[in-house]
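Asks: Below is the structure, and that's it, no one-letter string:
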């Protein structure tokens, strides 16, 4: 979402007429729709709009109330986020048992390098509660004895803490469309592979079993398709011969934390945008972000040979053209 536009998200049961009702309400208040996207998954409807409210004829709070009331009438949830809602954004971190990414987030926050406040940590196990307590951040365990999370409680907590960005710091559960749709392009996950290779569980072991020489990590936006969301940042590393899964974890975990932190930073600073499933830097000249391989690696790559540069190929092409011309003339 650009800083100048207001974001409106509508989520609920799929039904006819929803789009017309919402868009008519905006039109009546002199609000221009700049972008509209909709989807339905597992019976859940989602519509995301980015609108220009700079010339609307009602106050911000009035519009919010109007849309909430309309949502109640239609049986859908409507969220409105104005550009100036808050100066400091709020982060909710979701965790399971691995601590390295959460620790990196806390360290960046404590040193003033995060650019947002960590308001709450939510886990499907209680293992990392002591780490949250160390930084005086509320911790909520929403999992049962098997770690199955209560997503209704999750949504209540995200709303209670006015969450702007949800960060999955090695959260080992799949989020349902009911959650993803409400926070589209506002949920960042880090996965231990160079996606789209090796999605799902045990990605490092998948890399070992497939015999790859280079593995890596990926920070990406979460969508309803498992580990298929738009890639933000990636890091790569060599896979040693006869490496174990634990050895790859030791190599990869610091890179997971690094890629995740950079993705968070890019999002919070509004430096990255998503277009047709691919992320792009809004202004590449004004950032040192490393979305892909570092520049020194690119410089080390060979730049020749390239198709058509060899003298032999050029001569052959000239010969083929002369032959073709001769045949054409003979045909005439």
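Replies: Okay, I see it. What you are looking at is a predicted structure, and each value in this text was computed from that prediction instead of being measured. Numbering: from 1, shown residues only.

Asks: quick one: low-confidence ranges for the chain?
Replies: Low-confidence segments of the chain, defined by pLDDT under 70, span residues 1-3, 86-87, 309-332.

Asks: repeat that with 80
Replies: 1-3, 84-88, 288-295, 308-332 (pLDDT under 80).

Asks: now the strands for it?
Replies: In chain order, the chain shows strands spanning 6-13, 32-41, 44-52, 76-81, 89-95, 116-123, 139-141, 165-168, 187-191, 214-221, 231-238, 272-275, 278-281, with DSSP state E as the criterion.

Asks: So what sits opposite the residue nearest to residue 37 when sequence neighbours are not counted in the bridge?
Replies: With CB to CB, 6 or more residues apart in numbering as the criterion, residue 37 has its nearest non-adjacent residue at 5.0 Å, and that residue is residue 48. To be clear about C-beta, it is placed using only N, CA and C from the backbone, and glycine gets the same treatment. Per DSSP bridges, the residues bridged to residue 48 are residue 9, residue 37.

Asks: Please report how far residue 48 lies from residue 8.
Replies: 7 Å (CB to CB, to the nearest Å).

Asks: Same question for residue 27.
Replies: Counting by CB to CB, the gap from residue 27 to residue 8 is 13 Å.

Asks: Give me the more crowded residue out of those two.
Replies: When residue 27 and residue 8 are compared on other CB atoms under 10 Å, the one with more neighbours turns out to be residue 8, at 24 against 11.

Asks: and the more buried one, what does it touch?
Replies: Neighbour list for residue 8: 22, 26, 48-51, 67, 78-81 [criterion: CB atoms under 8 Å, 6 or more residues apart in numbering].

Asks: how does it look with 6 Å?
Replies: The contact partners of residue 8, by CB atoms under 6 Å, 6 or more residues apart in numbering, come to 49, 80.

Asks: for residue 287, same thing?
Replies: residue 271.

Asks: can we see that at 7 Å?
Replies: 271, 281 (CB atoms under 7 Å, 6 or more residues apart in numbering).

Asks: And it, how far from residue 272?
Replies: Relative to residue 272, residue 287 is positioned 9 Å away (CB to CB).

Asks: what do the two both touch?
Replies: By CB under 7 Å, 6+ apart, residue 287 and residue 272 have these common neighbours: residue 281.

Asks: Show me what residue 121 is bridged to.
Replies: With DSSP bridges as the criterion, residue 121 is bridged to residue 93, residue 139.

Asks: let's have the chain start at 19 instead
Replies: With 19 as the first residue, the last one maps to residue 139.

Asks: Could you verify my assumption that residue 173 touches residue 197?
Replies: Yes: applying CB atoms under 7 Å as the test, residue 173 and residue 197 come out as touching, 6.4 Å apart.

Asks: out of these two, which sits in the more crowded spot?
Replies: Under the criterion of other CB under 10 Å, the comparison of residue 173 against residue 197 puts residue 197 first, with 22 against 18.

Asks: Count the neighbours of residue 60 for me.
Replies: Neighbour count for residue 60, taken as other CB under 10 Å: 9.

Asks: tell me the contacts of it?
Replies: When contacts are taken as CB under 7 Å, 6+ apart, residue 60 is in contact with residue 195.

Asks: Check the gap between it and residue 31 for me.
Replies: Remark: distance between residue 60 and residue 31 (CB to CB) = 11 Å.

Asks: just the helices in the stretch 119-268 of the chain please.
Replies: In the stretch 119-268 of the chain, the helices defined using DSSP state H, counting those that start in this stretch lie at 147-152, 169-178, 195-198, 221-228, 263-286.

Asks: out of these, which comes closest to residue 77?
Replies: With CB to CB as the criterion, residue 77 lies closest to helix 169-178 of the helices of the stretch 119-268 of the chain, at 22.3 Å.

Asks: any idea of the angle that closest one forms with strand 134-141?
Replies: In terms of direction (axes from the mean of the first three to the mean of the last three CA atoms, to 10 degrees), helix 169-178 departs from strand 134-141 by 160 degrees.

Asks: buried sites along helix 169-178?
Replies: The neighbour-count criterion (16 or more other CB atoms under 10 Å) identifies 172-173, 175-176 as the buried residues of helix 169-178.

Asks: what pairs with residue 232 across the strands?
Replies: Bridge pairing for residue 232 - DSSP bridges - gives residue 256.

Asks: Now for residue 137, how many residues are close by?
Replies: Counted with other CB under 10 Å, the neighbours of residue 137 add up to 20.

Asks: picking that back up, tell me which of the helices of the stretch 119-268 of the chain lies nearest to residue 326.
Replies: That would be, of the helices of the stretch 119-268 of the chain and by CB to CB, helix 221-228, which comes in at 34.3 Å.

Asks: one step back: need the max-distance pair from the buried residues of helix 169-178.
Replies: Comparing every pair within the buried residues of helix 169-178 by CB to CB identifies 173 and 175 as the most remote, at 7.3 Å.

Asks: what's the closest non-adjacent residue to residue 24?
Replies: If you skip the residues right next to it in sequence, residue 24 has residue 71 as its closest partner in space, 4.6 Å away by CB to CB, 6+ apart.

Asks: I am finished for the moment; much appreciated.
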